[in-house]
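Engineer: mind folding the following:
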Amino acid sequence: MTSAADDRVLFEVDRETRIATLTLNNPTQRNSYDASMRTVMSRYLDEVAEDDDITVVLLRGAEGVFSTGADMNNAYGWYGSARTSDRDGSDSGGELARSRPSQRRRLTVDRKAFGFYHNLMGFPKVTVGEISGYALGGGFEMALMTDISVIARDTRIGMPATRFLGPALGSLHMFFHRLGPVQARRLLLTGDIIRASEVEHLGVFTETCDAAAVTARARYWAEKAAKMPADGVVIAKEAFRLVEQSQAYQGEEVASYLFHAYGTNLQFADGEFNFVKTRAQHGTREAFRLRDEHFHVPEPDLGAE
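Structural biologist: Predicted coordinates for the structure are as follows:
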């Protein structure tokens, strides 16, 4: 049975070229995704992993935008609903309430959520990213996790959610390994959104090109990788994973969800920006505007007398 969320995640298989295409199809939300969409993505990736006739999966977003990551319209909604308790501490089991999730729920849910990214990093087939428009938050992580990535120079990349959930978000091992410690710290400690052209010289992505060329170039790389012996690809991917685990990713599976769970339970001091509280008072759109206003620091005018 096809789930209701399936129309927001498109899946195609071309057996002649041995390429599967997975498209985030939520363009009105800049291809952000919720837990339901992520579950559908996982299911399709499992199908690809178990299909001996597929060598490559091409990850892309609809209408020229890769993904702005997790849908933050309901930040705590990812953790489900909590039931209200009676004053004596017992759970009457009746009324559902919006409340801050317990630390144990955060850890349980985040362990499952980060399993998706962990599995994508160790995916047994070649992953090719067609990246343009925006690659933010979880979208940025997926872009960095692909084996071969083609990105438009004007694509805006970064982890802006660190501005209201703390700089320990995401797959920290992967950020430091792929971006290097200097750029990883810069993006995580500021929440800056930069253009892909700013890191082109670092070789973070396989190919950086003009936006008009991204789709054709990503398809080129997918077809090129699909020519490789399928068994050889799977063996190589496992070997790559072993090397990365020994050199860069030790402890990654636990550290990612552990720090995310702690980081989403921050105490905010006076003058610090609390996105969840601001969104509840002013709505999501205004909360994002106030966030950007709070974190804006003008560049110094070095030409002034």
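Engineer: could you list the domains of this structure?
Structural biologist: Domains of the chain are assigned by the TED database as 9-73+101-266, 268-299.
Engineer: and these as CSV, adding mean neighbour count and mean pLDDT?
Structural biologist: Quick note: C-beta positions are derived from backbone N, CA and C, even for glycine. Shown next, in CSV, are the domains of the chain (neighbours: other Cβ atoms under 10 Å; pLDDT from 0 to 100):
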stretch, mean neighbour count, mean pLDDT
domain 9-73+101-266, 19, 91
domain 268-299, 13, 87
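Engineer: wait, Arg38 sits on Phe116?
Structural biologist: Yes - using Cβ atoms under 8 Å, Arg38 makes contact with Phe116 at a distance of 5.7 Å.
Engineer: from the chain's centroid, how far away is stretch 179-199?
Structural biologist: From the chain centre to the centre of stretch 179-199 is a distance of 15 Å (Cα atoms, centre = their mean, to the nearest Å).
Engineer: next one: stretch 117-125
Structural biologist: When distances are taken as Cα atoms, centre = their mean, stretch 117-125 is centred 13 Å away from the chain's centroid.
Engineer: compute the first-to-last residue distance for it.
Structural biologist: Terminal residues of stretch 117-125 are spaced 15 Å apart (Cα to Cα, to the nearest Å).
Engineer: cool, stretch 175-191 as well?
Structural biologist: Where stretch 175-191 begins and where it ends lie 13 Å apart, using Cα to Cα.
Engineer: relative to the whole chain's centre, how far out is that stretch?
Structural biologist: Taking mean C-alpha positions (Cα atoms, centre = their mean), stretch 175-191 and its chain are 15 Å apart.
Engineer: what lies in contact with that stretch?
Structural biologist: Stretch 175-191 is contacted from outside by 144, 158-163, 167-170, 172, 192, 194, 199, 202, 204, 244, 248-249, 295, using Cβ atoms under 8 Å, 6 or more residues apart in numbering.
Engineer: then stretch 65-74?
Structural biologist: Contacts to stretch 65-74, defined as Cβ under 8 Å, 6+ apart, come from residues 24, 27, 29-34, 60-61, 78, 129-143, 155, 161, 275, 284.
Engineer: same thing with stretch 293-302?
Structural biologist: Contacts for stretch 293-302 (Cβ under 8 Å, 6+ apart): Arg163, Thr190, Gly191, Phe273.
Engineer: one more time with 7 Å
Structural biologist: Stretch 293-302 has contacts (Cβ atoms under 7 Å, 6 or more residues apart in numbering) with Arg163, Gly191, Phe273.
Engineer: closest to Ala236 among these?
Structural biologist: For the contacts of stretch 293-302, the residue nearest Ala236 by Cβ to Cβ is Gly191; the value is 35.7 Å.
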